[in-house]
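In: Predicted model and sequence below, questions to follow.
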Amino acid sequence: MPTNFASVHAHLERAQAELTGTDPATQQLREAIGLLMDAALKAEFSAKPQVCEIIPFPRTEAGRPTRTSHHG
């Protein structure tokens, strides 16, 4: 089952928003959550892309796209 990175990001953002204090421990926790968010983004965009099938666009003999609609 693939990771839901959007959900991970949302939870980390909420956790970071709850840390409203100005003490050093709170600041350290906010920075740690920021690092986790960066790591999650890196994992999301370095994951292997899904294999997709490319469907060719229909063309006429002259190499121009065929007209399938009378609109525009």
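Out: Cool, got the structure.

In: and the longest helix for this structure?
Out: For the chain, the helix with the greatest residue count under DSSP state H is helix 24-46.

In: Buried residues, that one. List them.
Out: 29-30, 33, 36-37, 40 (16 or more other Cβ atoms under 10 Å). No exception for glycine: its C-beta is placed from N, CA and C like everyone else's.

In: Only alpha carbons, please: show it as PDB.
Out: Output of helix 24-46 as PDB, limited to C-alpha atoms (Å, rounded to 0.1, in the frame of the first residue of the first chain):
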ATOM      1  CA  PRO A  24      13.400  26.600  23.500                       C
ATOM      2  CA  ALA A  25      11.900  23.100  23.700                       C
ATOM      3  CA  THR A  26       8.900  24.200  21.500                       C
ATOM      4  CA  GLN A  27      11.200  25.800  19.000                       C
ATOM      5  CA  GLN A  28      13.300  22.700  18.800                       C
ATOM      6  CA  LEU A  29      10.200  20.500  18.200                       C
ATOM      7  CA  ARG A  30       9.000  22.900  15.500                       C
ATOM      8  CA  GLU A  31      12.400  22.600  13.800                       C
ATOM      9  CA  ALA A  32      12.300  18.800  14.100                       C
ATOM     10  CA  ILE A  33       8.800  18.600  12.500                       C
ATOM     11  CA  GLY A  34      10.100  20.900   9.700                       C
ATOM     12  CA  LEU A  35      12.900  18.400   9.100                       C
ATOM     13  CA  LEU A  36      10.300  15.600   9.000                       C
ATOM     14  CA  MET A  37       8.200  17.500   6.500                       C
ATOM     15  CA  ASP A  38      11.300  18.000   4.300                       C
ATOM     16  CA  ALA A  39      12.100  14.300   4.500                       C
ATOM     17  CA  ALA A  40       8.500  13.400   3.500                       C
ATOM     18  CA  LEU A  41       8.700  15.700   0.500                       C
ATOM     19  CA  LYS A  42      12.000  14.200  -0.500                       C
ATOM     20  CA  ALA A  43      10.600  10.700  -0.200                       C
ATOM     21  CA  GLU A  44       7.500  11.600  -2.100                       C
ATOM     22  CA  PHE A  45       9.300  13.100  -5.100                       C
ATOM     23  CA  SER A  46      12.100  10.600  -5.200                       C
END
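
In: Tell me the helices and strands packed up against it.
Out: For helix 24-46, the elements it packs on are helix 5-18, judged by 3 or more Cβ pairs under 8 Å, 6 or more residues apart in numbering; DSSP states H and E.
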